[in-house]
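> Turn this into a model:
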Amino acid sequence: MLKPADKFLIVSLLSLALLLFLQQSPTNQTATQVFVSVDGLIKYKLPRSSEPSSLIIQGVHGQLTLVADAQGFYVQNADCPDHDCERLGAINHYPQQIVCLPNKVVIFFPEPQESEFDAIIK
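From the prediction side, this is the model:
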């Protein structure tokens with residue numbers, strides 16, 4: 001049987017965890033471009049497009065095709081043994097990313113810049 005002090009402690013910890021989670025939640029703003037790094041170096045910046053466009057990326061051990069369309073960015077096919085990057089689906093906001101380990105390719109969004117202003121008062 002739980003004592004009143006135990007119940008208070010449980011409710012307090014759950015409230016604190018919820019508060020921390022809400023403060024740490026990422027912004028889900030749709031990003032306008034994605035960065036592609038190959039072997040640790042940024043090689044491409046691909047803008048979002050309402051018309052589907054694709055980019056063939058030469059990785060360390062093969063190629064992969066990155067597609068940009070209205071849903072976001074996704075890998076259509078890859079020359080790697082496990083094809084995990086293909087199964088991830090579309091990404092469309094920070095901090096989502098696609099990683100192809102065999103090819104050493106990382107597709108990611110730039111971190112959103114915080115405004116230097118807290119508020120604008122008229």
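> Could I get the buried residue list for the helix ranked longest in the chain?
With secondary structure taken from DSSP state H, the chain has its longest helix at helix 4-24. Of all the residues in helix 4-24, not one is buried under the rule 16 or more other CB atoms under 10 Å. All C-beta atoms are positioned from the backbone trio N, CA, C, and that covers glycine.
> What distance do you get for the nearest residue to T32 once chain neighbours are set aside to A5?
Leaving aside its sequence neighbours, T32 sits nearest to R48 (CB to CB, 6 or more residues apart in numbering; 5.3 Å). R48 sits at a distance of 53 Å from A5 (criterion: CB to CB, to the nearest Å).
> go on, Y44?
Using CB to CB, we find Y44 at a distance of 58 Å from A5.
> and the spatially most central residue of the chain, what does it touch?
For the chain, the residue sitting closest to the mean C-alpha position, by CA atoms, centre = their mean, is Q96 at 1.0 Å. Shown in contact with Q96 (CB atoms under 8 Å, 6 or more residues apart in numbering): F108, F109.
> Ok, A5 next?
By CB under 8 Å, 6+ apart, no residues touch A5.
> how much space between it and D79?
Per CB to CB, A5 is found 60 Å from D79.
> neighbours of the closest residue to N103 other than its chain neighbours, just the number please.
With sequence-adjacent residues excluded and distances taken as CB to CB, 6+ apart, N103 is closest to G59, at 2.5 Å. By other CB atoms under 10 Å, the residues close to G59 number 20.
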